[in-house]
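Trainee: All I have is the shape, not the residue letters:
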Ligand code: CAO
């Protein structure tokens, strides 16, 4: 079986998280991803949050699998010539430097197109065109400016960022889709094009339902929010704690052991269709005949009381017992799984979603593998490259340089 993106060559000028997430996905699907790094320095994340001295950090290794690393400084004379040749030989170029950095290297889009009209040039920036287009942006800035933080958190608390990297990895995912779409388009048009993703836009896209709610507010209170009917709505979509946000009420309830285990909780959704089964299980068969409880409308003003009753039952069961009891009854439910539990989960190991990888300097470590499964196109996880590990190979085989030319380029500090 061949890999889906075999034959696609990617000039990877990405660093930190958003760009590398994108090119790692493409590498998993079989693209030849050539990561260009500054000679002697490399992607800054190689040295960030290090757990083992002088060894590439997990931050770096977990975002740069299946890639090759070439060191190259396109700001030198020789480096520019090598870089131009790489642009000629690649199908896609991806970068997420601060605005203007690639232009300052001497390679604006017009020049890239001139060198290779089939090139797809993909960028992540913090913001799209507008007042903030020149800003540098990291994950939490994107979460705050994209609508996530203002809609996340305790009902009466301050805005909150989430652990999921929706600004970085989320935008990397968007960019990957833009790239394969442009590759598909190139099949017919024969031409490359620019693909741009702003982190603010990516986060807002993931917060789509909250912009929906902003408009719903004009037509009366949103009944699924915990502010209804006893609290207050302001002018903007409020934070809703752990309310499910959809049409079905949901909440996080304590499970057996919660006093000492910070993750002994489960999310329970009181979907109308499954309510009779839920009520019976928690010992509230009486609710089924009681007009105060037996319709979603009657329950709505006292959702908190309903979950208090659910919790009285869940506190007597472990989160897995809650899952195993309610799931067969069609009650939507999920245990709160810790990272430790996810790392140890056998089913995730079997599907390749959690993978153990061997690294020559750090030894074995766990990573998240490709979460997108294709039935006929396998995707294996291979360790990240050491800094410049493939410089000679790439200069020889892709750029077409002789050993003497490679030695001279090294001498000049171009690679
Ligand atoms: N050889 C020589 N120089 C190189 C090089 C190479 N191979 N690769 C990069 N550089 C240079 C660039 O040319 C640039 O120099 P100039 O500023 O002089 O033009 C510099 O290194 C990189 O600059 P940067 O401003 O991108 O890096 P930073 O660490 O200061 O900022 C970040 C990081 C992420 C805030 C910024 O890159 C950014 O806003 N990127 C876009 C948004 C983004 O992707 N954010 C998510 C990051 S993941 O959390």
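Mentor: That came through fine. Everything numeric in this text was worked out from a predicted model, so none of it was measured.

Trainee: Show residues contacting stretch 289-302.
Mentor: Applying CB atoms under 8 Å, 6 or more residues apart in numbering, the external contacts of stretch 289-302 come out as 223, 228-230, 249, 270, 272, 275, 279, 284, 286-288, 306. C-beta: built from backbone N, CA, C; applies to glycine.

Trainee: For residue 159, state which of those is nearest.
Mentor: Residue 159 has its nearest neighbour among these in residue 228, at 20.8 Å by CB to CB.

Trainee: Compute the number of surrounding residues for the closest one.
Mentor: Using other CB atoms under 10 Å, residue 228 has 17 other residues around it.

Trainee: Renumber starting at 39 from here on
Mentor: Sure thing, new numbering starts at 39, so read that last one as residue 266.

Trainee: Not counting sequence-adjacent ones, nearest residue to it?
Mentor: With CB to CB, 6 or more residues apart in numbering as the criterion, residue 266 has its nearest non-adjacent residue at 4.9 Å, and that residue is residue 259.

Trainee: returning to what we had before: PyMOL command to pick out the buried ones of the contacts of stretch 327-340?
Mentor: Buried residues within the contacts of stretch 327-340, by 16 or more other CB atoms under 10 Å, are selected in PyMOL with:
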select buried, resi 266+287+308+313+317+322+325+344
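
Trainee: Among the contacts of stretch 327-340, which ones are in helices?
Mentor: Counted as lying in helices by DSSP state H, out of the contacts of stretch 327-340, are 313, 317, 344.

Trainee: related to what we said a few turns ago, ok, the contacts of stretch 327-340 vs the ligand, which is closest?
Mentor: residue 287 (35.3 Å; CB to the nearest ligand atom).

Trainee: what's the spacing between that closest one and residue 276?
Mentor: Remark: distance between residue 287 and residue 276 (CB to CB, to the nearest Å) = 16 Å.

Trainee: Same question for residue 293.
Mentor: Counting by CB to CB, the gap from residue 293 to residue 276 is 28 Å.

Trainee: Next up, phi/psi of the spatially most central residue of the chain, please.
Mentor: Here the mean C-alpha position of the chain is nearest to the C-alpha of residue 207 (CA atoms, centre = their mean), at a distance of 2.9 Å. As for residue 207, its main-chain torsions (degrees, to the nearest 10) stand at phi -70, psi -40.

Trainee: what's the neighbour count on residue 357?
Mentor: Neighbours of residue 357 (other CB under 10 Å): 26.

Trainee: who's more crowded, residue 293 and residue 276?
Mentor: Neighbour totals were compared for residue 293 and residue 276, and residue 293 leads with 26 against 22 (other CB under 10 Å).

Trainee: List the contacts of the closest residue to that one other than its chain neighbours.
Mentor: Nearest residue to residue 293 in three dimensions, chain neighbours excluded: residue 357, at 4.2 Å (CB to CB, 6+ apart). Counting by CB under 8 Å, 6+ apart, residue 357 touches 293, 294, 301, 302, 303, 304, 373, 374.

Trainee: hmm, which helix or strand of the chain has the shakiest average pLDDT?
Mentor: Within the chain, no helix or strand scores below helix 334-337, which has a mean of 92 by mean pLDDT, DSSP states H and E.

Trainee: Whichever strand or helix holds residue 395 packs against which elements?
Mentor: Secondary structure assignment for residue 395, by DSSP states H and E: strand 392-397. Using 3 or more CB pairs under 8 Å, 6 or more residues apart in numbering; DSSP states H and E, the elements in contact with strand 392-397 are helix 384-388, strand 401-406.

Trainee: Quick check: residue 146 touching residue 138?
Mentor: No. The pair residue 146 and residue 138 does not pass the contact test of CB atoms under 8 Å, sitting 9.3 Å apart.

Trainee: can you give me the helices in the stretch 139-288 of the chain?
Mentor: For the stretch 139-288 of the chain, the helices defined by DSSP state H, counting those that start in this stretch cover 139-142, 147-153, 177-183, 206-227, 237-244, 246-254.
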